[in-house]
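# What would the 3D arrangement of this be:
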Amino acid sequence: MNFQNPVFIPGPTNIPETLRKAYDMPTIDHRSSLFGDILQPALAGVKKVIKGESTEIFVFASTGTGGWETAISNTLSPGDKVLAARNGMFSHKWIDMCRRHGLDVEVVEAPWGAGLPVERYAQILAADTAHEIKVVLATHNETATGVRSDIAGVRKALDAAGHPAMLFVDGVSSIGSMDFRFDEWGVDVAVTGSQKGFMLPVGLAIVGFSPKAMDATASARLPRTFFDVLDMKKGYAVNGYPYTPAVGMLNGLKTACDMLLGEGLEMVFARHHRIAQGVREAVAAWNMELCALTPDVYSDTVSAIRTPAGFDATRIVTHAAEKYNVAFGAGLGDVAGKVFRIGHLGSLTDVMTLSGIATAEMVMADLGLDIKLGSGVAAAQDYYRAHTALEIKDAA
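Below you'll find the model as predicted:
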């Protein structure tokens, strides 16, 4: 298999050589002082990336799904009520996990392509005068549809209702690539993973807890062992883990945070916006539409592109892999076969992105779609030539 081409899936993302070398390290004694020199800077770096100075950071050898389970099992009890919207595959999976844990989930159905229904959340929270709802779930960036939701708006809805429910946010495909404001947005638990904005392989669940969420661990009665944050906190106090840690991956996380903070978070966000906008210009040149219904919810990390009715979009993903050794993302759930996805997050440049756009054009032309070769590439080139990440940052 040819591994020379970059991937254009929304995670795992391309891995910079600096990070590849950081996690490829000799074995050390994880009970020695050397481990603390890796662990503590990694935790401090994540805290800065999510803009959560009040946050307790926990890193488990797992994935984002393990992060979801960490959030739920450490803060809730059987029968507790949770408010969630289903507007994509990953919000759907979080709802499913809550139900499997014996939680009472009130689900608001929303179109796949729309953001979270903040106004409906506000109505439900205002009506819940008994404060039965213990947690509001929010997916910041729905990876299946390329939709970003208004987390600040959800917090405003909670505050306007005077509601004490905690706010849990899935930031798996946004944190490290799109602006995330843990403290400012009043987030109580944020969940992400190593394989997206942090540009590492799959292997780490990264979770931030607010003081309020930490307080909730005292009364939570859902079972937890591996994902017990209190055990982890005790370990961190002596620069250790309650079990064997993924030392190399933690060293990679430390280095990833150094890279992101060294570039400057606002520049990181501007770079992602610029690359994403080039992809959106290409989609428009192809006379196609995004799954995201309106520009205000466009994701800067993944674009889900609708293909013509009756055409199986999965063929694009399969053909790209088989003929050109290039990976795009397939549609998931309700949009399976209706969209293909171009991931534009993590370690990516405009030059790399242009190669992905060009490949998508060749694939669609091969499959008989009405695509003029070079049209999307030219549209993206025009945008990239006219805009720099620095200009976008200054305009923000």
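
# Listing partners with orientation, what would you give for the host helix or strand of residue 206?
Element membership of residue 206, judged by DSSP states H and E, is strand 204-209. Taking DSSP bridges as the criterion, strand 204-209 sits next to strand 56-61 (antiparallel), strand 189-193 (antiparallel) in its sheet.

# Can I get the last one in CSV, CA atoms only?
The C-alpha coordinates for strand 189-193 follow below in CSV (Å, rounded to 0.1, in the frame of the first residue of the first chain):
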residue,chain,number,x,y,z
VAL,A,189,-17.1,18.4,30.7
ALA,A,190,-15.2,18.6,27.3
VAL,A,191,-14.3,15.4,25.4
THR,A,192,-11.7,15.0,22.7
GLY,A,193,-9.2,12.5,21.4
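
# Offset the numbering so it begins at 287, please.
Sure, I'll start counting at 287 from here, so that last one is strand 475-479.

# Phi, psi for residue 425 please.
Main-chain dihedrals, residue 425, degrees, to the nearest 10: phi -90, psi 110.

# Same question for residue 548.
According to degrees, to the nearest 10, residue 548 has phi -70, psi -40.

# so what's residue 643 up against?
564, 565, 568, 628, 662, 663, 666 (C-beta atoms under 8 Å, 6 or more residues apart in numbering). All C-beta spots, glycine's among them, are computed from the backbone N, C-alpha and C.

# what about residue 591, which SS state?
strand (DSSP: H, G, I helix; E, B strand; the rest coil).

# doesn't residue 626 make contact with it?
Yes. Residue 591 is within contact range of residue 626, at 5.7 Å (criterion: C-beta atoms under 8 Å).

# what residues do the two have in common as contacts?
Common neighbours of residue 591 and residue 626 (C-beta under 8 Å, 6+ apart) are residue 599.

# Give me the spatial nearest neighbour of residue 366, chain neighbours excluded.
residue 420 (4.6 Å; C-beta to C-beta, 6 or more residues apart in numbering).

# Wait, a helix at the one you found?
No. Under three-state DSSP, residue 420 sits outside any helix and is assigned strand.

# Count the neighbours of residue 441 for me.
Residues within reach of residue 441, counting by other C-beta atoms under 10 Å, total 21.

# helices or strands next to the helix or strand that contains it in the packing?
Using DSSP H and E, residue 441 maps to helix 437-446. Helices and strands touching helix 437-446, by 3 or more C-beta pairs under 8 Å, 6 or more residues apart in numbering; DSSP states H and E, are helix 404-413, strand 419-425, strand 452-456.

# one more time with 10 Å
Counting contacts by 3 or more C-beta pairs under 10 Å, 6 or more residues apart in numbering; DSSP states H and E, helix 437-446 is packed against strand 367-372, helix 404-413, strand 419-425, strand 452-456.

# Tabulate these (TSV), appending distance to residue 485.
Converted to TSV, these look like this (distance: least, C-beta to C-beta, whole Å):
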stretch	distance to residue 485
strand 367-372	29
helix 404-413	31
strand 419-425	21
strand 452-456	19
